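Visitor: fold the following.
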Amino acid sequence: MAKNKTQETNANVNDFIESFANTEQKKLDSFELIKIMKAATGFEPKMWGPSIIGFGSYHYKYKSGHEGDAPLVGFSPRKAEISLYVFTGTEEHEYLLENLGKFRKGKACIYIKKLADINVDELNNVMAETIKFLDSRYEVEK
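Guide: Now for the predicted structure:
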């Protein structure tokens, strides 16, 4: 079976942000997201793969037999937008996005231009529900 590309690494999170975030605003937003996600999860930030900052982890195993580990929540300060890995992507959780603010949605992630575009209290609600959802289905790091 193929090895997962996104695995926890020992790379330095601050060094990554300083070298990868392409604007001063993205750097500031990244450091603020670290505070927000650390408070929401109780976990320290860690690098996952070359460009994702993740918090906590869970072990998943699909019916297909594919399994691996992933962060509970995380983000990446990509060139065009900040990718927030905070959403389950399920229809039952769509209501959580109603008051989030200005964003674009992917399958199971949210894209924002800057942190000021979204409501941080609503982001915390989304993360709490996502973690609860993951905890009900997978082995979550405690």
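Visitor: host element of residue 83?
Guide: For residue 83, the enclosing helix or strand under DSSP states H and E is strand 82-85.
Visitor: my bad, residue 127
Guide: Per DSSP H and E: helix 120-137 holds residue 127.
Visitor: just the buried positions in that helix, please.
Guide: Neighbour-count burial for helix 120-137, counted by 16 or more other Cβ atoms under 10 Å, picks out 123, 125-127, 129-131, 134. Any C-beta I mention is one placed from the backbone N, CA and C, and that applies to glycine too.
Visitor: from residue 16, how far off is the closest residue to residue 71 other than its chain neighbours?
Guide: Leaving aside its sequence neighbours, residue 71 sits nearest to residue 54 (Cβ to Cβ, 6 or more residues apart in numbering; 2.5 Å). The gap separating residue 54 from residue 16 is 12 Å, by Cβ to Cβ, to the nearest Å.
Visitor: out of the two, which sits in the busier spot?
Guide: More neighbours surround residue 54 than the other of residue 54 and residue 16, with 25 against 20 (other Cβ atoms under 10 Å).
Visitor: list the residues that contact that one.
Guide: By Cβ atoms under 8 Å, 6 or more residues apart in numbering, the contact set of residue 54 is 8, 45-48, 70-74, 85.
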